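[1] A predicted structure for the sequence below; I have some questions about it.
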Amino acid sequence: MRLQVTMRHGQVSDHVRGYVESKFAKLGKRLHESTLVEVVLDRERNPRIADDHVVEAELHLKGPHLRGREAATTYEAATDLLVDKLERLVERERDKRVQEPRRRAQGTAPPEPVPVEEIEQALRTAD
């Protein structure tokens, strides 16, 4: 997993960057190593918003791109919420990819074999 951590309107502190990297490393166990994960940290400037620390992430998977956004009072709390949400999304996508072909296969019954007599009779009438 390739991880990019950026911050809008400022610099990411080493403590926050390390925390985000450690939490997303846990998510990386479920992803392919070539998956790109972009994490953007932001801070709402409105003083009336209590949960002003925002963490956004986008996972560039082989199929669909998964996006998540969480807000909390600290970057650490928002990161925890976001990683939990993304783990559920990744598992759901994996289940869809694995289970859907199985469901389609279970819905159709295999065709019954045609008796040899019917085939021979069809060949005789075709001549």
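    Yep, that arrived.
[2] List the single closest residue to residue 74 in space, sequence neighbours excluded.
    residue 53 (5.6 Å; Cβ to Cβ, 6 or more residues apart in numbering). Where C-beta positions appear, they are placed from N, C-alpha and C, glycine not excepted.
[3] Looking at strand pairing, list the partners for the one you found.
    Beta-bridge pairing for residue 53 (DSSP bridges): residue 43, residue 72.
[4] With residue 27 as the reference, measure out to it.
    Residue 53 is 19 Å from residue 27, where distance means Cβ to Cβ, to the nearest Å.
[5] do the same with residue 62
    16 Å.
[6] quick one, which of the two is more surrounded?
    residue 27 (20 against 10; other Cβ atoms under 10 Å).
[7] Give me the neighbour count for the residue nearest to residue 74.
    Neighbours of residue 53 under the rule other Cβ under 10 Å: 20.
[8] Determine the three-state secondary structure at the residue nearest the centre of the chain.
    Ranked by distance to the mean C-alpha position of the chain (Cα atoms, centre = their mean), the top residue is residue 90 at 3.3 Å. Secondary structure state of residue 90, per DSSP: H, G, I helix; E, B strand; the rest coil, is helix.
[9] so what's it up against?
    Residue 90 makes contact with 27, 30-31, 59, 66, according to Cβ atoms under 8 Å, 6 or more residues apart in numbering.
[10] what do you get for residue 42?
    Residues counted as contacts of residue 42 (Cβ under 8 Å, 6+ apart) are 7-9, 53-56.
[11] Go through those and name the one nearest residue 35.
    Checking these against residue 35 by Cβ to Cβ gives residue 56 as the nearest, at 16.6 Å.
[12] Which stretches in this structure count as strands?
    2-7, 36-43, 53-60, 65-72 (DSSP state E).
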